[in-house]
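S.K.: kindly generate the corresponding structure for this input.
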Amino acid sequence: MRTEAVVIAVENNTATVKLNRKSACDGCHKSVEGKGCSVCSLMGADREFTSVAQNNVGAAVGDRVAVETASGRVLLYAALVFLLPILVALICFGIASAFVEPLQWRLLSALLGFLLSFLGVWIYSERVRRGKHDIVIVAIIEKNDNQ
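M.R.: Numbers count the residues shown, from 1 in each chain. Okay, the predicted model is just below:
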């Protein structure tokens, strides 16, 4: 996955970049009409955020750069966030079905599994965020002339 960003800080072999989060439904007819879509708004379309990226090309503060993230990594994160909670809820429901009779307890077990899976996703996310940088600056698109 490739997008553009602006370098806002540089330290050693990394750079802090500011990115615009693009909508997942850029080609949607509602987006073309300029109205946007409620789903995209809920998912955080067109929001700015910062991230740390590997800076192997020597980008400087103010440079507009191309950044890339491995598509497989993006798909893994999407699966963790969207599929894992449902899978854990189903597993918890199945385990509870083997031990308790009332449907309410089985549903409560599924709900607890669903909610606890988000804790697991958050812990994994924090470990990945501290351990390595998934975003890599691959090219300098426009140098900052004000340096």
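S.K.: ranges for the strands of the chain?
M.R.: Per DSSP state E, the chain carries strands over the ranges 2-11, 14-21, 47-54, 64-68, 135-142.
S.K.: select, out of the ones you listed, the one closest to L116.
M.R.: Taking Cβ to Cβ as the criterion, L116 comes closest to strand 47-54 out of the strands of the chain, the separation being 26.4 Å. Placement of C-beta: from N, CA and C, glycine included.
S.K.: next, the angle from the closest one to strand 135-142.
M.R.: For the pair strand 47-54 and strand 135-142, the angle between their directions (axes from the mean of the first three to the mean of the last three Cα atoms, to 10 degrees) equals 100 degrees.
S.K.: show residues contacting strand 47-54.
M.R.: Taking contacts as Cβ atoms under 8 Å, 6 or more residues apart in numbering, the residues outside strand 47-54 that touch it are 5, 8, 13-21, 67, 133, 135-137.
S.K.: ok, and the most crowded of the residues you listed?
M.R.: Within the contacts of strand 47-54, A15 tops the neighbour count with 29 neighbours, counted by other Cβ atoms under 10 Å.
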